[in-house]
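Undergrad: missing the sequence, but the structure's below:
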Ligand SMILES: [Zn+2]
């Protein structure tokens, strides 16, 4: 195995991700549509917390996406929303017959130009609602969680995703995913996008409701950033963005 821990080429393997890095402007291709995909094949369910948005079943996906693609949709991000089979370890996260992997394969087949990102997390699939494995005392087992999250990312990549986007808050999972991608010879093909800067607040509640059927009992204060002064929040976000920029969206000189 190579001793490098990061391959930048995965960030510009696809035409859409190259465009994101070519210049700073707002256009249709800049927008990524979040798709909530359930394991009920014919589902078309309103999400009360996100008016106008729905959870879709695999059989409804092509019909929903077709007019959007014709209007210029270039990319989407998939959130799996299982209705059953939750367990302590989120084993359904990368089920080959689960909603995310089925959706990736269908979209690659029907809309080959579309850029597909997959949210990578375990909380939709765990019965306790946390994004990782738990120790007996209820705290996060970080090492085991990171290992499993990397495994899920690899399986989404192998199914055909162009981008894996971890939204958990486990320490070290970016390194673990990168090393796994390199080990699987996917490092130069898959974009890795971390977008988790979650604070202990209610701002992401409506979105979280869209990706979960049931309210979970978990307290996310054990893994989210705590409330603090606004300038300190900006510093934290800036640090995260610097990390993302340095690893996934480098500003390259023109050649
Ligand atoms: Zn999560």
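TA: Perfect, I can see it now. Source: prediction; values computed, not measured.

Undergrad: wait, residue 121 touches residue 131, no?
TA: Yes. Residue 121 is within contact range of residue 131, at 5.1 Å (criterion: C-beta atoms under 8 Å). Glycine gets a C-beta too; all of them are placed from N, C-alpha and C.

Undergrad: between those two, what contacts are shared?
TA: Here residue 121 and residue 131 have 167-168 as joint contacts, going by C-beta atoms under 8 Å, 6 or more residues apart in numbering.

Undergrad: quick check: residues of the chain near the ion?
TA: Proximity of the chain to the ion, by C-beta under 5 Å from the ion, involves residues 121, 123, 131, 168.

Undergrad: let's see which of these end up in strands.
TA: Among those, no residue falls in strands (DSSP state E).

Undergrad: those residues: which two are farthest apart?
TA: Based on C-beta to C-beta, the longest span within the residues of the chain next to the ion runs between 123 and 168 and measures 7.3 Å.

Undergrad: between those two, which contacts overlap?
TA: Residues touching both residue 123 and residue 168 (C-beta under 8 Å, 6+ apart): residue 131.

Undergrad: check what pLDDT residue 202 gets.
TA: pLDDT recorded at residue 202 is 59.

Undergrad: residue 176 touches residue 149, doesn't it?
TA: Yes. The pair residue 176 and residue 149 qualifies as a contact (C-beta under 8 Å) at a distance of 7.0 Å.

Undergrad: these two: which is more packed in?
TA: Shown here are residue 176 and residue 149; by other C-beta atoms under 10 Å, residue 149 has more neighbours (29 against 21).

Undergrad: show me the contacts for the more buried one.
TA: Neighbours of residue 149 in contact, by C-beta under 8 Å, 6+ apart: 120-122, 132, 166, 168, 170, 173, 176-177.

Undergrad: try it again at 6 Å.
TA: residue 173 (C-beta atoms under 6 Å, 6 or more residues apart in numbering).

Undergrad: go on, the one 3 residues further on?
TA: The neighbourhood of residue 152, defined by C-beta under 6 Å, 6+ apart, consists of 93-94, 120.

Undergrad: the same query, at a cut-off of 8 Å, please.
TA: Taking C-beta under 8 Å, 6+ apart as the test, what residue 152 contacts is 93-94, 120, 122.

Undergrad: check which helix or strand residue 153 maps to.
TA: Element membership for residue 153 (DSSP states H and E) is helix 142-159.
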